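Undergrad: Dropping a prediction and its sequence here:
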Amino acid sequence: MSKKGILAIISICIAAIAAIVLAVMLHSTSGKLKQTQAELVATNATLQRTETAKADLEKKLTETQGTLEKTRLELSQTQEILQNESEAARKIAAERNALQQDKSALEREKEGLRAKLTEIESELQRIRTQSQRSIAAIQEKFKDTVGAVLDDAGRLKLDVKGKILFETGSAILSTEGKALLDAIAEDVLLNTNYADYAVRVEGHTDDAPIGGSELRNWNLSTERAIAAVKYLQVHAEVDSQRLAATGYAFYQPIDTADTPEAKAKNRRIEIILVPPQDFLSELLASLQKVMESIETKESQ
């Protein structure tokens with residue numbers, strides 16, 4: 001065989017070997033490529049799942065952040081509510097304390113008023129009892145010449161018929177009238193039981209105009225009261241500071257009937273003994289109203 005033939009055979013063998021090696025390498029590379037492709041697919045799938053998971057996590061994170069923000073807001077609102085409730089509780093406690101103090105003050109005031117009421121009622125009762133005894137004595141001594149009554153305020157009122165003290169239409173005391181005023185002063189006005197009582201002398205006429213003029217009724221009633229006061233001061237020695245005179249004409253009748261008997265009753269002099277506690281009845285009524293008001297507040 002020639003050299004060329006050998007070389008050709010060798011070339012062919014080399015080419016065949018090379019082809020075989022290349023085939024083997026291609027086969028191997030193809031397998032690796034397929035493996036790599038499979039790994040790439042798996043990696044892509046993993047990456048896809050990771051991206052999905054990441055998106056889910058980001059969504060959950062966003063939701064969690066929203067929930068957290070809502071929770072923070074609710075917590076802030078709750079803290080504000082608690083703070084307001086705490087402030088309200090403090091105010092309520094302060095108001096309760098103030099109410100308790102007011103209640104205690106009202107209770108002390110009520111106790112003081114009760115004591116004052118008892119004192120006033122006791123004094124009024126003493127005045128009434130004393131005056132009732134005096135009325136009995138006056139009616140026994142003066143019979144039909146002097147009437148005596150006690151009003152609700154403890155004032156002792158002596159009703160003296162006008163014709164006993166004065167002549168008709170006159171403001172000059174009669175002898176009998178002077179004697180009667182002396183007796184009233186001695187037995188009542190200067191009595192130690194009435195030493196601190198004010199003495200009001202009031203003149204009254206009937207409704208028949210004197211001389212055709214009602215003004216003369218005013219004059220006569222006032223002049224008679226003044227005449228009685230002057231006599232009590234000068235002759236009966238009643239303290240002038242205790243005395244007062246007033247004329248009412250015919251505007252305060254005790255009998256409104258249009259009869260001679262009624263007119264005779266209305267022509268009179270009234271001597272009114274006013275206790276130094278003349279305000280007691282009004283004060284008693286006022287205190288009772290205050291007591292009722294306090295008890296009403298306590299019930300509320």
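TA: Perfect, thanks for sending it. The model shown is predicted, which means the values in this text are computed figures rather than measured ones.
Undergrad: How many residues are close by residue 223?
TA: 18 (other CB atoms under 10 Å). Heads up, the C-betas are built off the backbone N, CA and C, glycines and all.
Undergrad: Return the residues in contact with the spatially closest residue to it that is not a sequence neighbour.
TA: Closest residue in space to residue 223, ignoring its immediate chain neighbours: residue 171 at 3.6 Å, by CB to CB, 6 or more residues apart in numbering. Contacts here follow CB atoms under 8 Å, 6 or more residues apart in numbering; on that basis residue 171 touches 220, 223, 224, 226, 227.
Undergrad: where's residue 261, which helix or strand?
TA: helix 260-266 (DSSP states H and E).
Undergrad: Which SSE is immediately downstream of that helix?
TA: That would be, after helix 260-266 and using DSSP H and E, strand 268-274.
Undergrad: Give me the buried stretch members for that following strand, please.
TA: Neighbour-count burial for strand 268-274, with 16 or more other CB atoms under 10 Å as criterion, is recorded at 268, 269, 270, 271, 272, 273, 274.
Undergrad: Just the closest of those residues to residue 88, please.
TA: residue 274 (58.6 Å; CB to CB).
Undergrad: re the thing from before, hang on, the residue nearest to residue 223 is in a helix, isn't it?
TA: No. Going by DSSP: H, G, I helix; E, B strand; the rest coil, the assignment for residue 171 is coil, not a helix.
Undergrad: May I have the predicted confidence score for it?
TA: Looking at residue 171, its pLDDT reads 94.
Undergrad: Residue 173 contacts residue 227, doesn't it?
TA: Yes. Using CB atoms under 8 Å, residue 173 makes contact with residue 227 at a distance of 5.6 Å.
Undergrad: who touches both of the two?
TA: Contacts common to residue 173 and residue 227, judged by CB under 8 Å, 6+ apart, are residue 166.
Undergrad: number of nearby residues for residue 52?
TA: 10.
Undergrad: Checking it next. Helix, strand or coil?
TA: Going by three-state DSSP: residue 52 is helix.
Undergrad: That one and residue 45, how far apart?
TA: As judged by CB to CB, to the nearest Å, residue 52 and residue 45 stand 10 Å apart.
Undergrad: With residue 12 instead?
TA: 48 Å.
Undergrad: can you give me the helices in the chain?
TA: Assigned helices in the chain, in chain order: 3-142, 162-165, 175-184, 214-234, 260-266, 280-299 (criterion: DSSP state H).
Undergrad: Compile those helices into JSON lines and extend it with columns for mean pLDDT and distance to residue 240.
TA: Shown next, in JSON lines, are the helices of the chain (pLDDT from 0 to 100; distance: least, CB to CB, whole Å):
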{"stretch": "helix 3-142", "mean pLDDT": "76", "distance to residue 240": "23"}
{"stretch": "helix 162-165", "mean pLDDT": "86", "distance to residue 240": "20"}
{"stretch": "helix 175-184", "mean pLDDT": "93", "distance to residue 240": "15"}
{"stretch": "helix 214-234", "mean pLDDT": "95", "distance to residue 240": "5"}
{"stretch": "helix 260-266", "mean pLDDT": "91", "distance to residue 240": "29"}
{"stretch": "helix 280-299", "mean pLDDT": "66", "distance to residue 240": "25"}
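Undergrad: residues making contact with the helix holding residue 261?
TA: By CB under 8 Å, 6+ apart, helix 260-266 touches 161, 163, 204, 205, 206, 207, 208, 250, 253, 254, 255, 256.
Undergrad: and with 10 Å instead?
TA: Residues outside helix 260-266 that contact it (CB atoms under 10 Å, 6 or more residues apart in numbering): 147, 159, 161-163, 204-208, 250, 252-257, 259.
Undergrad: Give me the ChimeraX select line for those residues, limited to the buried ones.
TA: This is the ChimeraX syntax for the buried subset of the contacts of helix 260-266, where burial follows 16+ other CB under 10 Å:
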select :147,159,161,162,204,205,206,250,253
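Undergrad: Out of the contacts of helix 260-266, which sit inside strands?
TA: Among the contacts of helix 260-266, the members found in strands (DSSP state E) are 147, 159, 161, 204.
Undergrad: Skipping adjacent residues, who's closest to the third one in space?
TA: Meaning residue 161. Nearest to residue 161 is residue 268, by CB to CB, 6+ apart, at 5.8 Å.
Undergrad: Surely residue 195 touches residue 239?
TA: Yes. If you go by CB atoms under 10 Å, residue 195 and residue 239 touch, sitting 8.7 Å apart.
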